[in-house]
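1. Below is the sequence, then the predicted model.
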Amino acid sequence: MDREWGSKPGSGGAASAQNEAIDRRERLRRLAIETIDLGKDPYFMRNHLGSYECKLCLTLHNNEGNYLAHTQGKRHQTNLAKRAARDAKDQPIQPQPLKRKLNPRKTVKIGRPGYKVTKQYDAETQQRSLLFQIAYPEIEDNAKPRYRLMSSFEQKLEPNEKEWQYLLFAAEPYEIIAFKIPSTEIDKSANDKFFFHWDQDSKQFTLQLYFKPKPQVGPAPRPATGFPPSVPPGLPRPPPR
């Protein structure tokens, strides 16, 4: 028996171009359903009759799947390209804001400044203090020295030790100098405890800081009773003098 051209016995025959197009649209519809969110499509609209419209192409669709298949077609994609080109033409070109370009300073360093550190102790408050006097005779015009406290864990030159911190002084064109001081809380309760001053005439920067007294460790001392502590309990004590 003669068989149909292009097919084998038991098969349904070769698919026609129309069937291939239907199958392709069905695959596109399933793919669009899985990947496209209709809630974010500005051209998707449901009318009062319960059907769906494409506001870009002015087409009517029976269900969401049919609309999604339409969005993957040549007509919808062409209209999208035309709309994007028209929007780009109508939108005026906005001037780009000018970005401020910061050039790194190329100041030639002239070495470390001269300094003097004085240790002090206040017997009344039992506080220790430090007085720093830094000389900047060649400081740049209209410049002022700066200082900063830095934790030991911020620096990379020495081993990290929580018992110490660093006090840094900087002024162009001098190199930055740092002093290693105890990591004790600094007392800033009064102006005479922590202050700094820049003398424009003598070109000297002064900074003084007080450390808060450390709390006593252990039980408080017992008040004196007038009896020698070597007397065992239970024995008669000598009369007080």
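-> It's in. Numbering: from 1, shown residues only.
2. Name the residues that touch stretch 75-95?
-> Applying Cβ atoms under 8 Å, 6 or more residues apart in numbering, the contact partners of stretch 75-95 are 54, 56, 57, 59, 70. The C-beta positions use only the backbone N, C-alpha and C, and glycine is treated the same way.
3. any idea which of those has the most stuff around it?
-> Neighbour counts for these, by other Cβ atoms under 10 Å, peak at residue 70, which reaches 21 neighbours.
4. gap between it and residue 98?
-> Using Cβ to Cβ, to the nearest Å, one gets 46 Å for the distance from residue 70 to residue 98.
5. Same question for residue 172.
-> When distances are taken as Cβ to Cβ, residue 172 and residue 98 turn out to be 27 Å apart.
6. tell me which helix or strand of the chain sits lowest on mean pLDDT?
-> helix 17-35 (a mean of 73; mean pLDDT, DSSP states H and E).
7. related to what we said a few turns ago, which pair in the contacts of stretch 75-95 spans the largest distance?
-> In these, two members sit farther apart than any others by Cβ to Cβ. They are 56 and 70, at 10.0 Å.
8. could you pull out the strands for the protein?
-> With strands called from DSSP state E, the chain shows them at 44-46, 52-54, 59-61, 114-122, 127-135, 146-151, 164-170, 177-182, 186-187, 195-199, 204-211.
9. Mind giving me the packing neighbours of the first one?
-> Translated: strand 44-46. Based on contacts counted as 3 or more Cβ pairs under 8 Å, 6 or more residues apart in numbering; DSSP states H and E, the elements that strand 44-46 packs against are strand 52-54.
10. so residue 116 makes contact with residue 133?
-> Yes - shown here, residue 116 and residue 133 form a contact pair, counting by Cβ atoms under 8 Å, at 4.5 Å.
11. Please identify which of those two sits among more neighbours.
-> Higher neighbour count among residue 116 and residue 133: residue 133, with 16 against 11, using other Cβ under 10 Å.
12. how far away is that one from residue 179?
-> According to Cβ to Cβ, residue 133 stands 12 Å off from residue 179.
13. what touches both of those two?
-> residue 117.
14. centroid residue for this structure?
-> Closest residue to the average C-alpha location of the chain: residue 154 at 16.7 Å, with Cα atoms, centre = their mean.
15. Which residue of residue 172 and residue 98 possesses the greater neighbour count?
-> Comparing residue 172 with residue 98 by other Cβ under 10 Å, the one with more neighbours is residue 172, at 17 against 6.
16. Check what pLDDT that one gets.
-> Among the per-residue scores, residue 172 shows a pLDDT of 89.
17. For residue 148, see how far away the closest residue in space to it that isn't next to it in sequence is.
-> If you skip the residues right next to it in sequence, residue 172 has residue 140 as its closest partner in space, 4.9 Å away by Cβ to Cβ, 6 or more residues apart in numbering. In this structure, residue 140 and residue 148 are separated by 19 Å, where distance is defined by Cβ to Cβ.
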